[in-house]
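Trainee: Sequence first, predicted model second:
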Amino acid sequence: MIPRLYLITDRKLFNDEGQLYNAIESALKAGVRAVQLREKDLPTRKLLDMAYTLQSLTSQYNTSLFINDRADIALCVNAAGVHLGQSSLPVSAVRKIAGKSLIIGVSTHSLNEAIEAEGQGADFITFGPVYQTPSKMKYGLPVGLDSLKNVRKKISIPILGIGGINLDNMRDVMTAGAHGAAMIRGVLTQGDINRTVKKYLSILGEK
């Protein structure tokens, strides 16, 4: 089952890893059922250590763990899936490595990328940035809701909107055809994470 509320990590938002894990656990307690470990700048062994820690934490809450880019680490820690970028191994290569043991998501930023991801066999995509957000500045201007609507018309796999999504605009993203939303700051920087997550899940019809 493809998650509807997809939490992405960013340890740089916190003073230490302990604070990150506490924030993630607050989200898990509130009902988040998918977490992506995204710390792209970490060396392999440190990333693996974090993956094991998160796998232990997420398993306590029956939550799916996804590893950004690294199918090898995802397999090592028995994660539910891997999330691929445009410069990662293609979906077909990961399937050769992992078969059906991993759910595969792909980050996309245009209609062509979305169509290609589906054609290669991705299970779902993230599409954005829908709105302006610091973590997606390098991908250019926001794609906007109209682009999301167009992608929804062209592909059949689930789409998670990403980029600047919050409680004020989540309903608009869902109306545009998204299956759900992927978030960093929309969850992790909120003063009351538990309350915020429950509001998101209510909008998504999951609470």
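Mentor: It's in. Note that this is a predicted model, so its numbers are computed, not measured. Residues are numbered from 1 along each chain as shown.

Trainee: Got phi/psi on the nearest residue to S59 once chain neighbours are set aside?
Mentor: For S59, the nearest residue in space outside its immediate sequence neighbours is L65; the separation is 7.9 Å by C-beta to C-beta, 6 or more residues apart in numbering. Yep, even glycine has a C-beta here, placed from its N, CA and C like the rest. Listed backbone geometry of L65 is phi -100, psi 130, with angles given as degrees, to the nearest 10.

Trainee: residues near L65, how many?
Mentor: Burial of L65 is recorded as 21 neighbouring residues (other C-beta atoms under 10 Å).

Trainee: which ones are touching it?
Mentor: For L65, the contact set (C-beta atoms under 8 Å, 6 or more residues apart in numbering) comprises 34-37, 51, 54-55, 58-59, 77, 79-81.

Trainee: tell me which residues in the top helix by length along the chain are buried?
Mentor: With residue count as the measure and DSSP state H as the assignment, the chain has helix 44-60 as its longest helix. If you call a residue buried by 16 or more other C-beta atoms under 10 Å, then helix 44-60 has these buried ones: L47, L48, M50, A51, T53, L54, Q55, L57, T58.

Trainee: Reformat these as a markdown table; add pLDDT and distance to I8.
Mentor: Written out in a markdown table, the entries for the buried residues of helix 44-60 read as follows (pLDDT from 0 to 100; distance: C-beta to C-beta, whole Å):
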| residue | pLDDT | distance to I8 |
| --- | --- | --- |
| L47 | 98 | 14 |
| L48 | 98 | 18 |
| M50 | 98 | 13 |
| A51 | 98 | 14 |
| T53 | 98 | 16 |
| L54 | 98 | 12 |
| Q55 | 98 | 16 |
| L57 | 98 | 15 |
| T58 | 98 | 13 |
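
Trainee: Confirm that Y6 sits in a helix.
Mentor: No: per DSSP: H, G, I helix; E, B strand; the rest coil, Y6 lies outside any helix segment and is strand.

Trainee: need the contact list for it.
Mentor: For Y6, the contact set (C-beta under 8 Å, 6+ apart) comprises A34, V35, Q36, F66, T126, L160, G180, A181, A182, M183.

Trainee: cool, N169 as well?
Mentor: Contact partners of N169, counting by C-beta under 8 Å, 6+ apart, are V130, Y131.

Trainee: swap the cut-off to 10 Å and go again
Mentor: Residues in contact with N169 (C-beta atoms under 10 Å, 6 or more residues apart in numbering) are V130, Y131, L145, G161, A181, G186.

Trainee: Please render those as CSV that adds neighbour count, pLDDT and secondary structure to the earlier fields.
Mentor: Converted to CSV, these look like this (neighbours: other C-beta atoms under 10 Å; pLDDT from 0 to 100; DSSP: H, G, I helix; E, B strand; the rest coil):
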residue, neighbour count, pLDDT, secondary structure
V130, 25, 96, coil
Y131, 20, 95, coil
L145, 18, 97, helix
G161, 30, 98, strand
A181, 29, 98, strand
G186, 24, 96, helix
